[in-house]
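In: Fold the following.
(one chain, ligands or ions: 1)
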Amino acid sequence: MKITQLLLVAGLLSGTALAVSGAPASKSWPPVRTAEEFARINPGEKIAYVCKECDSVTVATLDSKDAIMQLCKVGDMIECPACKQSYRIVRLGPPSKGRSISEIRYVNQEGKECMFIARVSE
Ligand SMILES: [Zn+2]
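Out: Predicted coordinates:
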């Protein structure tokens, strides 16, 4: 019984540690998925690189509109600030009827989505 409780506490503690690194608010951080949404990010605004490969959340600010729009430049590469892996910026599928806005995805060589950008709201 005591062991179970200890494990529970450990779990809670690691949850707290994760919170400090920035993950707790991630639920309220909307992912940025389209070029239109990237265009709405202002220079100096906080964004988060959420990498599923290394399980990291890196908060950063970009100081120019060009740097922001670079994040949705289809065909280019984007690097995870934490694990330094490069992902290709792709547009998700061909736009179909009823879906005029195509979404941006960051994928690895196998085409698996590995990272996304979120707006950091405080
Ligand atoms: Zn990473």
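
In: from here on, contacts and neighbour counts on C-alpha atoms
Out: Noted.

In: how about the residues of this structure near the ion?
Out: Residues of the chain lying near the ion by C-alpha under 5 Å from the ion: 51, 54, 80, 83.

In: a markdown table for those residues, including pLDDT and neighbour count?
Out: Formatted as a markdown table, the residues of the chain next to the ion follow (pLDDT from 0 to 100; neighbours: other C-alpha atoms under 10 Å):
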| residue | pLDDT | neighbour count |
| --- | --- | --- |
| 51 | 98 | 22 |
| 54 | 98 | 14 |
| 80 | 98 | 21 |
| 83 | 98 | 12 |
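
In: residues of stretch 103-119 that come out buried?
Out: 103-108, 113-119 (16 or more other C-alpha atoms under 10 Å).

In: Taking those together, which two end up most distant?
Out: 108 and 119 (22.2 Å; C-alpha to C-alpha).

In: how about the strands of the chain, start to end?
Out: Under the criterion DSSP state E, strands of the chain are mapped to 31-32, 46-51, 56-61, 77-79, 86-91, 104-107, 113-119.

In: who touches the second one?
Out: Contact partners of strand 46-51, identified using C-alpha atoms under 8 Å, 6 or more residues apart in numbering, comprise 56-62, 80-81, 114-121.
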